[in-house]
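K.L.:
what's the 3D shape of this:
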Amino acid sequence: MKQVLLDTSFILTCIKQKIDFFEEIFFMGLGIIIPEEVIKELELLVKSRKSASSAFALKLLSLNKFEIISLKTKKVDQGIINYARKNPLVIVATLDGEIKRKLRNHKLVIKGKKKLDII
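P.N.:
Just a heads-up that it's a prediction; the model follows:
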């Protein structure tokens, strides 16, 4: 089964735009991977009270099934790039322009503020 690696910006943007990314991704027949470092970023955002969406994101994650991986780095973006390069079939879901530019992997993007699409 092909898998999608989600980053923090993608999760938070989907929540802000009311996109049920779990349902959409499962409907595409894809598995979901979320790095433990992304979960830690969400937890830090909750503690710092910088993002109301992050608390909802953690609740949503607790209600759904996905694979957790460790990027083994404190630099999350670089960890995602390294993981994707080692796993070229992994689809990367990010809004980060630098990550998008550095990877040849397929990307999962938000189209028209409501739909997910693989490019």
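K.L.:
contacts, neighbours, all on C-alpha from now
P.N.:
Fine.
K.L.:
as a whole number, average confidence for stretch 35-46?
P.N.:
The average pLDDT within stretch 35-46 is 96.
K.L.:
residues in contact with that stretch?
P.N.:
5-8, 51-52, 54-55, 57-58, 68-71, 74, 76 (Cα atoms under 8 Å, 6 or more residues apart in numbering).
K.L.:
Please spell out which residues along the strand or helix carrying residue 79 are buried.
P.N.:
Taking DSSP states H and E as the criterion, residue 79 maps to helix 76-86. The neighbour-count check on helix 76-86 (16 or more other Cα atoms under 10 Å) flags 76-77, 79-81, 83-84 as buried.
K.L.:
re the thing from before, could you pick out which of the contacts of stretch 35-46 are located in strands?
P.N.:
Residues from the contacts of stretch 35-46 lying in strands, with DSSP state E as the criterion: 5-6, 68-69.
K.L.:
Output the below-cut-off pLDDT ranges for this protein.
P.N.:
Applying pLDDT under 70 to the chain flags no residue at all.
K.L.:
Distance of the residue nearest the centre of it relative to residue 87?
P.N.:
Nearest residue to the geometric centre of the chain (Cα atoms, centre = their mean): residue 6, 1.6 Å. In this view, residue 6 and residue 87 are 14 Å apart by Cα to Cα, to the nearest Å.
K.L.:
gap between the helix ranked longest in the chain and the chain center?
P.N.:
In the chain, taking DSSP state H as the definition, the longest helix is helix 36-48. Taking Cα atoms, centre = their mean, to the nearest Å, the mean C-alpha location of helix 36-48 is offset from the chain mean by 13 Å.
K.L.:
Equivalent analysis for stretch 8-28, please.
P.N.:
With Cα atoms, centre = their mean, you get 8 Å for stretch 8-28.
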